[in-house]
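Asker: Have a look at this prediction, sequence included:
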Amino acid sequence: MKFAIVGAGYIAAIHALAIQNCSEQVVAVVEKYSDKSAAFASRFGIHRQYAVLEELLKDSGVDALVIGTPNFMHAPQALAALRSGIPVLVEKPMAMNAVEAEQMLVASQKSGAALMVAHCWRFDQDVLWLKDQLHRIGPVLRTKGYGVHTHWGPAGWFTQKQLAGGGALADMGIHALDTARFLMGDPQPVSVYARIGTYYKDFDVDDTGVIIVNWDNGAVSYIESGWWQPHSDGAEAATQLYGRQGFAQLFPTLLELPDPEKKRVETVKSGFKFPRKEHCPQSMYDAQMAHFIEAINGKTVPFPGGEEGLVNMKVLDAAYRSARTGKVVEIHTG
Ligand SMILES: NC(=O)c1ccc[n+]([C@@H]2O[C@H](COP(=O)([O-])OP(=O)(O)OC[C@H]3O[C@@H](n4cnc5c(N)ncnc54)[C@H](O)[C@@H]3O)[C@@H](O)[C@H]2O)c1
């Protein structure tokens, strides 16, 4: 299978390695800056280099496109590829807003080309273990999750609203949001209340956020997002779930199951180490890529696909609106 990658930055290198680890080929890179393109091509043995995606699409000869560019390019690049019938794996957030995300979903449905959104935590070993065990805590009543960088934050395009759409919520909070939703079996959001602001640096996107999401399964999720924060109670995507019959958490990953008869709480440990050597391990991205490859081969439907990505964009849009208005914002899905 022949892959092209657009963007030759941080995440693109992880995807290139994932493709190669899945025994597939990266045949083309599309990158705005020729020096970055050349270094990337040489590192991964790529023969075709382009400055703009349209040139690649004219030449064709690729089976799939991975999009790892700044957020404002996700929708135009995905639309161009999907409309040419090329399957797309697009980074999170899938677009600048839900309107763009919906256009991408429609383009995929019309052309039949697969659209997958890189909500990578769905492929993490701890997350998958916890999802498998979660029935043991009974119905989930509430969750707490974290998408926070302490004492640092990104620079450049990430901090410009026109290029990124949103700040720490769109960059980091979305990991915690998607992880909570995935663990609960993808309930639909009903409403959102958010307090979002910029307090630590001078840019026009958010560096601090608290959002509260009401889900149609009756649960409520409390999510913290941030860059440059002085403290975080949890690592990226760390999530705690309070069930009617027990408690579950990621990082460290375990269950706490009260046994009223024995008057004690049993702790069920996942056996996975925390902290990890790398909190975002290559194996998670490899598993994500393997799923995308299965989807391209028609062996599965991309999950998370455009629909899951769109739900996250609806929550983000509602959260930013809630922060502007100070009101609870209802969300209509389906
Ligand atoms: N899932 C994750 O764990 C994860 C981690 C990091 C980043 N991301 C996401 O990946 C995306 C990229 O982030 P990054 O950290 O790799 O950014 P980056 O700045 O390191 O890389 C982006 C690259 O895109 C290039 N580029 C810009 N405009 C372009 C265009 N029009 N055509 C081609 N190339 C262009 C830039 O020159 C740069 O090389 C973002 O959406 C981000 O949210 C996801």
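Answerer: All right, it came through fine.
Asker: what are the ranges of the helices in the stretch 201-334 of the chain?
Answerer: Taking DSSP state H, counting those that start in this stretch as the criterion, the stretch 201-334 of the chain contains helices spanning 282-296, 306-325.
Asker: Please convert the ones you listed to CSV, extending it with mean pLDDT, distance to residue 169 and mean neighbour count.
Answerer: (Glycine included, C-beta is placed from N, CA and C.) As requested, the helices of the stretch 201-334 of the chain are arranged in CSV below (pLDDT from 0 to 100; distance: least, C-beta to C-beta, whole Å; neighbours: other C-beta atoms under 10 Å):
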stretch, mean pLDDT, distance to residue 169, mean neighbour count
helix 282-296, 98, 22, 20
helix 306-325, 98, 6, 22
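Asker: Make JSON lines out of those helices and add distance to residue 150.
Answerer: As requested, the helices of the stretch 201-334 of the chain are exported to JSON lines (distance: least, C-beta to C-beta, whole Å):
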{"stretch": "helix 282-296", "distance to residue 150": "21"}
{"stretch": "helix 306-325", "distance to residue 150": "21"}
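Asker: Of those helices, which is nearest the ligand?
Answerer: helix 282-296 (7.5 Å; C-beta to the nearest ligand atom).
Asker: quick one: that closest one to chain centroid distance?
Answerer: 14 Å (C-alpha atoms, centre = their mean, to the nearest Å).
Asker: Who are the packing partners of it?
Answerer: helix 10-21, strand 88-91, strand 115-118 (3 or more C-beta pairs under 8 Å, 6 or more residues apart in numbering; DSSP states H and E).
Asker: Which one of the helices of the stretch 201-334 of the chain lies nearest to residue 4?
Answerer: Among the helices of the stretch 201-334 of the chain, helix 282-296 comes nearest to residue 4, with 12.8 Å by C-beta to C-beta.
Asker: from what I can see residue 116 touches residue 91, true?
Answerer: No. Under the criterion of C-beta atoms under 8 Å, residue 116 makes no contact with residue 91, lying 10.5 Å away.
Asker: who's more crowded, those two?
Answerer: Higher neighbour count among residue 116 and residue 91: residue 116, with 27 against 22, using other C-beta atoms under 10 Å.
Asker: Just give the closest residue to the more buried one, not the sequence neighbours.
Answerer: In space, and not counting its chain neighbours, residue 116 is closest to residue 302: 3.6 Å by C-beta to C-beta, 6 or more residues apart in numbering.
Asker: same question, residue 43
Answerer: residue 13 (7.3 Å).
Asker: Wait, that neighbour touches residue 46, no?
Answerer: No. Using C-beta under 8 Å, residue 13 makes no contact with residue 46, being 11.6 Å away.
Asker: Contacts (any at all) between the ligand and the strand or helix carrying residue 163?
Answerer: Secondary structure assignment for residue 163, by DSSP states H and E: helix 161-164. No. On the criterion C-beta under 6 Å from any ligand atom, helix 161-164 is out of touch with the ligand, staying 8.0 Å away.
Asker: Can I get that helix in PDB, CA atoms only?
Answerer: Taking Å, rounded to 0.1, in the frame of the first residue of the first chain, the C-alpha atoms of helix 161-164 are listed here in PDB:
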ATOM      1  CA  LYS A 161      -6.600  31.300  16.200                       C
ATOM      2  CA  GLN A 162      -6.700  31.700  12.400                       C
ATOM      3  CA  LEU A 163      -4.500  28.700  12.000                       C
ATOM      4  CA  ALA A 164      -5.400  26.500  14.900                       C
END
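Asker: Residues contacting it, please?
Answerer: By C-beta atoms under 8 Å, 6 or more residues apart in numbering, the residues outside helix 161-164 that reach it are 70, 71, 72, 157, 158, 167, 170, 171, 204, 205.
Asker: Out of those, which are close to the ligand?
Answerer: Among the contacts of helix 161-164, the ligand is touched by 70, 71, 171 when using C-beta under 6 Å from any ligand atom.
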